Each structure stands twice: as structure tokens, then as C-alpha cells.
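**Q** The following comprises the amino acid sequence and a computationally predicted model.
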Amino acid sequence: MITEQSIYSRTEGWIKKSNNNLGQKAQLVFLFGNKDLLKDLQLIEYVKTTYPAAQVAGCSTAGEIYRDEVFDSNIVCTAVFFEKTRVEIAMERISMMGDSFLVGKKIAEKLDTGNLVHIMILSEGLNINGSELTKGLNSRLNNKVPVTGGLAGDQADFSETVIVHNHPGEKNLVLAIGFYSDHLQVGYGSMGGWDSFGVDREVTRSNGNILYELDGHPALELYKRYLGHHTANLPASALLFPLSLRLQNPEVSLVRTVLSVNEEDGSMIFAGDIPQGEYVRLMNASSDKLIDGASGAAEMSKTSLGSSDPDLIILISCVGRKLVLKQRVEEELETVREVFGDHPATTGFYSYGEICPIKPFEQHCELHNQTMTITVFKES
């Protein structure tokens with residue numbers, strides 16, 4: 001596997017960060033960038049002209065990652081040449097959130113053929129129920145193939161997210177990259193670093209990913225009580241207080257974060273399901289614990305890769321982490337590089353949700369929020 005990377009900014013144009021003469025050879029190009037830039041036809045055409053044989057796949061972000069740097073209004077371009085791996089891309093349009101399960105199932109059906117070793121998802125970030133999307137994927141893959149990826153971002157504006165597949169970015173798309181090989185190793189890990197506080201609260205009324213009541217009271221009312229002066233910045237400020245969702249297995253919990261709020265009925269729409277009858281707790285975090293969580297995710301993904309050192313690392317971290325870390329945000333990227341060293345090409349983005357199995361070596365994917373999720377690739 002060989003990679004090369006470039007960065008586009010409005011002030012300096014395209015700057016090549018590494019050059020391995022992949023122009024005619026690259027089969028896959030990742031583009032993570034500012035929403036408006038990804039909708040610019042000329043910029044996408046430049047990438048297609050530079051890598052004419054490659055499929056171009058990407059999404060808008062809440063921050064673009066290159067090595068241990070974070071950008072907010074750029075495009076990070078990573079071209080990849082695989083010597084012994086075939087890449088296929090499937091895409092579905094999602095018209096309404098209720099179609100999330102079906103979209104996941106359809107995408108898996110398109111890719112689930114012989115020699116499939118991994119799927120990476122880049123999804124619409126707002127008009128999607130990430131839990132149902134992963135359930136649809138799992139229903140077809142039947143725990144045979146691991147899936148990682150994330151939901152596109154839009155800074156913390158929650159206005160519009162876009163997906164790129166060989167054309168300028170469009171909203172309401174879900175894209176899946178299938179990797180087929182006997183020689184590709186893929187490792188993955190996901191970890192948060194958030195702490196729950198307060199009492200368990202029963203989900204007394206919900207519908208899928210729409211939460212109406214906790215302990216018989218409007219959910220939005222409870223959030224506003226804790227947010228105080230941050231209430232005016234909803235829904236973005238709710239990222240500072242995600243929910244810990246306790247699953248039937250008391251040793252496992254998932255984090256859920258807010259996508260939007262409804263002032264009229266006091267409900268909140270989350271990136272994934274909040275099942276009625278389950279219990280949740282509010283969460284918060286310190287910068288140090290989030291950075292430790294990123295290090296833990298790196299160690300987890302390194303363990304699942306085995307003894308090999310990766311050639312490519314894709315980091316997908318939640319926008320909520322970025323809001324908490326502020327000026328220290330690059331420290332969570334630095335701690336990842338401390339685990340893997342300087343050799344692997346590193347890219348990724350800040351997201352509205354992350355997709356990954358809960359544990360290494362498992363192949364049942366889940367939607368996560370507020371985590372650092374890492375996927376590492378090595379071709380042997």
C-alpha cells in the first residue's frame with residue numbers, strides 16, 4: 001500500500017504534503033473537508049484529473065485531520081494505491097430518517113460478495129438514525145465482516161452535511177467502501193473518556209432516536225436545567241452533556257449525542273436510538289480523560305491489527321470532543337501518533353457519530369457518539 005496526501009485551502013490552493021507519483025495508480029481517494037469546498041465542482045474535478053483511475057469518496061466535517069493537525073475550512077486529500085486489494089463503492093440515497101435500516105441493509109447487500117474483509121461507511125450526518133443504519137448493515141452481514149466509519153459533520157452548525165462520490169458533495173447520501181483482499185489487515189478501536197454523573201433516569205417516552213421524556217418530564221426541560229446559560233446555543237451546547245445509555249449487558253454502555261431539538265414538544269433527536277424503558281445518565285468530560293480515551297482507542301486498534309505496523313490510519317472523532325478540548329484538540333491526535341509513530345499516513349475528520357464494533361476482533365458494529373474511533377490498514 002502506498003499513499004500520498006495534499007491539503008487545499010482558500011488562501012494557498014493545493015499543497016502536496018507527500019508525493020509518491022500515484023497519479024495514474026491510485027484506486028481510492030479520501031476527501032474530508034469543508035462543506036462548501038466539497039460542493040465546488042472545480043475542486044472535485046481537480047482531484048479526478050489528478051487521480052483519473054481512482055474512486056473519490058469523502059464527506060463534510062466538523063474539522064479535518066491531517067497527521068496531528070486539525071483544520072476547519074480546508075480539504076484533506078489522501079490517495080491510496082493497493083497492490084493486492086480491490087475496492088468497490090456502494091451508495092444509497094436516504095429520503096427520510098425512517099429509511100435508515102433499509103439503507104444499511106441495501107448497501108451491505110451490494111457489497112457482500114466473496115473476499116470482502118472490511119466496510120467503511122461515510123454517511124449523511126443529520127437525516128439519519130445511525131443505530132438503525134448499523135442494524136441494517138448487521139442484519140445482512142451477520143457478523144461476518146467488520147464495519148467502521150462515521151456520520152458527516154458541519155462544524156457545530158447542524159445545518160447540512162454532504163457526501164462525495166466522484167461528484168461534488170450532496171446531502172442525504174450514504175456511501176460504503178468495500179475492501180476485498182487476502183492480504184489486507186484491518187484493525188479498529190473506539191473509546192470515549194466521558195464520565196456519567198447524577199442519577200439514572202428512565203426513558204419514559206421515546207420513539208427510535210427521538211427522546212420525549214425522562215422520568216415523566218420533557219427531556220429538553222431537563223437538559224436546559226443543566227445547560228444554564230449554554231441553553232441559547234442548543235443543539236450544539238448539548239454536545240457538552242451527552243447521554244450514557246445502559247444496555248441490557250450492564251458492563252456495556254453507549255453514548256448518545258443530540259442532533260436537534262424541538263421546542264414545541266420538548267423532544268430531542270439523537271444520532272442513535274434511545275429505547276423506551278432503558279436508563280440513561282448525563283455525562284461530562286475533562287480534557288485529560290478525552291485525551292486518554294484517544295490513546296486507549298489507538299492501543300485497541302493496534303492490538304486488533306496484530307504485530308504489523310499500519311500503512312494508513314483513519315481517525316473519526318466526535319465534534320463534542322473538539323468542543324470540550326478546544327485549544328488542546330490536537331493533543332488527542334498527538335497521543336495517537338505516539339502509539340503508531342510517524343510512518344503511517346494519517347487522515348480523518350470530526351463527526352456527528354462514529355461506527356465501530358465495541359471490542360477488538362468483534363464484527364458486530366454499533367453507532368457511537370463522543371468517541372475517538374480509529375481504523376488502521378496494512379497490506380501484506
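**A** Received, thanks.
**Q** Please tell me how far the closest residue to residue 336 other than its chain neighbours sits from residue 224.
**A** Residue nearest to residue 336 in three dimensions, not counting chain neighbours: residue 298, with 4.5 Å by Cβ to Cβ, 6 or more residues apart in numbering. To be clear about C-beta, it is placed using only N, CA and C from the backbone, and glycine gets the same treatment. Shown here: residue 298 relative to residue 224, a distance of 36 Å by Cβ to Cβ, to the nearest Å.
**Q** Neighbour count: the two, which is higher?
**A** Between residue 298 and residue 224, residue 298 has the larger neighbour count (other Cβ atoms under 10 Å), namely 25 against 17.
**Q** ok so that one is a helix residue?
**A** Yes - assessed by DSSP: H, G, I helix; E, B strand; the rest coil, residue 298 belongs to a helix.
**Q** sorry, back to before: return the residues in contact with the residue nearest to residue 336.
**A** By Cβ atoms under 8 Å, 6 or more residues apart in numbering, the contact list for residue 298 reads 189, 335, 336, 338, 339, 340, 374.
**Q** Farthest pair within these?
**A** 189 and 338 (14.9 Å; Cβ to Cβ).
**Q** For the protein, which residue occupies the most central location?
**A** residue 150 (2.3 Å; Cα atoms, centre = their mean).
**Q** surely that residue meets residue 122?
**A** Yes - using Cβ atoms under 8 Å, residue 150 makes contact with residue 122 at a distance of 7.0 Å.
**Q** buried ones in stretch 11-23?
**A** For stretch 11-23, a neighbour-count test (16 or more other Cβ atoms under 10 Å) marks residue 22 as buried.
**Q** Check the offset of that stretch from the chain's centre.
**A** 25 Å (Cα atoms, centre = their mean, to the nearest Å).
**Q** so where's the stretch 201-350 of the chain uncertain?
**A** Residue ranges of the stretch 201-350 of the chain with pLDDT under 70: 247-252.
**Q** which element is the residue nearest to the centre of the chain on?
**A** Assigning secondary structure by DSSP states H and E places residue 150 in strand 147-151.
**Q** circling back to that earlier point, got any residues that touch both of residue 150 and residue 122?
**A** In contact with both residue 150 and residue 122: residue 59, using Cβ under 8 Å, 6+ apart.
**Q** What residues of the longest strand seen in the chain count as buried?
**A** Counting by DSSP state E, the longest strand found in the chain is strand 195-207. The neighbour-count check on strand 195-207 (16+ other Cβ under 10 Å) flags 196, 201, 203, 205, 206 as buried.
**Q** Could you find the closest non-adjacent residue to residue 128?
**A** residue 100 (5.6 Å).
**Q** State the distance from that neighbour to residue 130.
**A** Residue 100 is 7 Å from residue 130, by Cβ to Cβ.
**Q** Of the two, give the one with the bigger neighbour count.
**A** residue 130 (31 against 27).
**Q** Excluding chain neighbours, what is closest to that one?
**A** That would be residue 367: by Cβ to Cβ, 6+ apart, it lies 3.7 Å from residue 130.
**Q** which helices and strands does the helix or strand harbouring the one you found pack with?
**A** For residue 367, the enclosing helix or strand under DSSP H and E is strand 365-368. Secondary-structure packing of strand 365-368 (3 or more Cβ pairs under 8 Å, 6 or more residues apart in numbering; DSSP states H and E): helix 130-141, strand 253-256, strand 353-357.
**Q** If I average pLDDT within each of those, which one is lowest?
**A** Among the helices and strands packed on strand 365-368, strand 253-256 carries the lowest mean pLDDT, a mean of 87.
**Q** That one: partners in the sheet, and parallel or antiparallel?
**A** strand 243-246 (antiparallel) (DSSP bridges).
**Q** Now tell me what touches the strand it pairs with from outside.
**A** Residues contacting strand 243-246 (Cβ under 8 Å, 6+ apart): 194, 196, 200, 253-257, 270, 274-275, 278-283.
**Q** how far does that strand sit from the chain's center?
**A** On Cα atoms, centre = their mean, the centre of strand 243-246 falls 19 Å from the chain's centre.
**Q** residues in contact with the residue nearest to the centre of the chain?
**A** Neighbours of residue 150 in contact, by Cβ under 8 Å, 6+ apart: 59, 121, 122, 123, 316, 349, 351, 352, 353, 354, 355, 373.
**Q** wouldn't the residue nearest to residue 128 be in contact with residue 132 here?
**A** Yes - Residue 100 lies in contact with residue 132 (Cβ under 8 Å); the separation is 3.7 Å.
**Q** Quick check: what element follows the strand holding residue 367 along the chain?
**A** Taking DSSP H and E, what comes next after strand 365-368 is strand 372-379.
**Q** So which other helices or strands are in contact with that following strand?
**A** strand 147-151, strand 184-191, helix 287-305, strand 312-318, helix 329-340, strand 353-357.
**Q** In JSON lines: those, plus distance to residue 165.
**A** Shown next, in JSON lines, are those (distance: least, Cβ to Cβ, whole Å):
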{"stretch": "strand 147-151", "distance to residue 165": "14"}
{"stretch": "strand 184-191", "distance to residue 165": "21"}
{"stretch": "helix 287-305", "distance to residue 165": "26"}
{"stretch": "strand 312-318", "distance to residue 165": "17"}
{"stretch": "helix 329-340", "distance to residue 165": "27"}
{"stretch": "strand 353-357", "distance to residue 165": "18"}
